[in-house]
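Visitor: next one to model:
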Amino acid sequence: MVVVTTKVSKGKLVAILLILAVIVGLLVTLGSKADQEADAAAESALTVSNNEERVAYLQSLGWDVAEEPVESQEVRIPAELPDVLVQYNELQKSQNFDLTRYAGKTVSRFVYEVLNYPNSAERFFATLLVYEDMVIGGDVTSASQDGLMQGLQFPTGH
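Guide: Numbers count the residues shown, from 1 in each chain. Model (predicted):
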């Protein structure tokens, strides 16, 4: 067994303890801030437990949609997102959603016909992704083959 002893002055000991106290304080503050952000994200998550609540959510964003979805299905988000989903997730992140949190999970996909897309004769559809009754993503897309895809917020200036 090896024993090492060191002589430390009171001033150095106080300085070391002060530095440790600051480090612990920073770690607690950063941890608390991360918890607050996670809590805020959970609070802002929208619960939509039925069709009426999903339609009301889309209406709250400015969309008039058909009362019933044209399509609803269960889809699995892959454990590793392929490139096309990585790009789609960038759109989701711009709306404060993040599909990587749901990688490997099965989610519900609801598609509604949009009745009021501004200044367009094309057909548009609003898609909501829902996990355990929470909206976790979505988009508004034109039906044309090379059409527009945007976030869920109604276009401004229209």
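Visitor: which element, helix or strand, includes E90?
Guide: helix 83-93 (DSSP states H and E).
Visitor: now find how far off-centre that helix is within its chain.
Guide: Centre-to-centre, helix 83-93 and its host chain are 11 Å apart (CA atoms, centre = their mean, to the nearest Å).
Visitor: what packs against that helix?
Guide: Using 3 or more CB pairs under 8 Å, 6 or more residues apart in numbering; DSSP states H and E, the elements in contact with helix 83-93 are strand 134-142. Yep, even glycine has a C-beta here, placed from its N, CA and C like the rest.
Visitor: got the angle for the strand it packs on vs helix 83-93?
Guide: 110 degrees (axes from the mean of the first three to the mean of the last three CA atoms, to 10 degrees).
Visitor: for T156, give its distance to V84.
Guide: 27 Å (CB to CB, to the nearest Å).
Visitor: swap in E68?
Guide: The gap separating E68 from V84 is 28 Å, by CB to CB.
Visitor: which ones are touching Q59?
Guide: V65 (CB atoms under 8 Å, 6 or more residues apart in numbering).
Visitor: so what pLDDT did it get?
Guide: For Q59, the model assigns a pLDDT of 97.
Visitor: buried residues, stretch 93-110. List them.
Guide: Using 16 or more other CB atoms under 10 Å as the test for burial, stretch 93-110 gives F97, L99, Y102, V107, S108, R109, F110.
Visitor: cool, thanks, talk later.
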